[in-house]
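Peer 1: please find the sequence and the predicted model below.
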Amino acid sequence: MGEFFSNVSRYPKYLITIVLGVFASFLQPLVRRSKNPITAIALIGALISGLMTLIFVVKGMVFPSSLL
């Protein structure tokens, strides 16, 4: 039984490693492209827009009556 819990306790580590790897592979090309000031401004604008969209969607899902 102890071996079972030992194996189960490893899964969060794998999940964190996979998520960090996906973020690193996604951000690496963006960092290289951000050396151009115009591209950097566009990337910052896209990031802010994406975060605002995510916030509004989650807020709409959690508090649907407040949108009326």
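Peer 2: It's in. Computed from a predicted structure; not experimentally measured.
Peer 1: so which bits of whichever strand or helix holds G50 are buried?
Peer 2: Using DSSP states H and E, the element containing G50 is helix 37-62. For helix 37-62, the neighbour count (16 or more other Cβ atoms under 10 Å) marks no residue as buried. Where C-beta positions appear, they are placed from N, C-alpha and C, glycine not excepted.
Peer 1: longest helix of the chain?
Peer 2: helix 2-33 (DSSP state H).
Peer 1: for the residue nearest the centre of the chain, give its distance to I16.
Peer 2: Nearest to the mean C-alpha position of the chain, counting by Cα atoms, centre = their mean, stands F23 at 7.0 Å. Distance, F23 to I16, by Cβ to Cβ, to the nearest Å: 11 Å.
Peer 1: try L47
Peer 2: Going from L47 to I16 by Cβ to Cβ gives 22 Å.
Peer 1: export stretch 58-68 as CSV, just CAs?
Peer 2: Taking C-alpha atoms only, stretch 58-68 is exported to CSV below (Å, rounded to 0.1, in the frame of the first residue of the first chain):
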residue,chain,number,x,y,z
VAL,A,58,-14.5,33.5,-15.6
LYS,A,59,-16.4,36.4,-14.1
GLY,A,60,-19.4,35.7,-16.4
MET,A,61,-19.3,32.0,-15.5
VAL,A,62,-19.2,32.7,-11.7
PHE,A,63,-21.5,35.7,-11.5
PRO,A,64,-23.9,35.3,-14.5
SER,A,65,-26.6,37.6,-13.1
SER,A,66,-24.3,40.6,-12.7
LEU,A,67,-23.9,40.9,-16.5
LEU,A,68,-27.6,41.9,-16.9
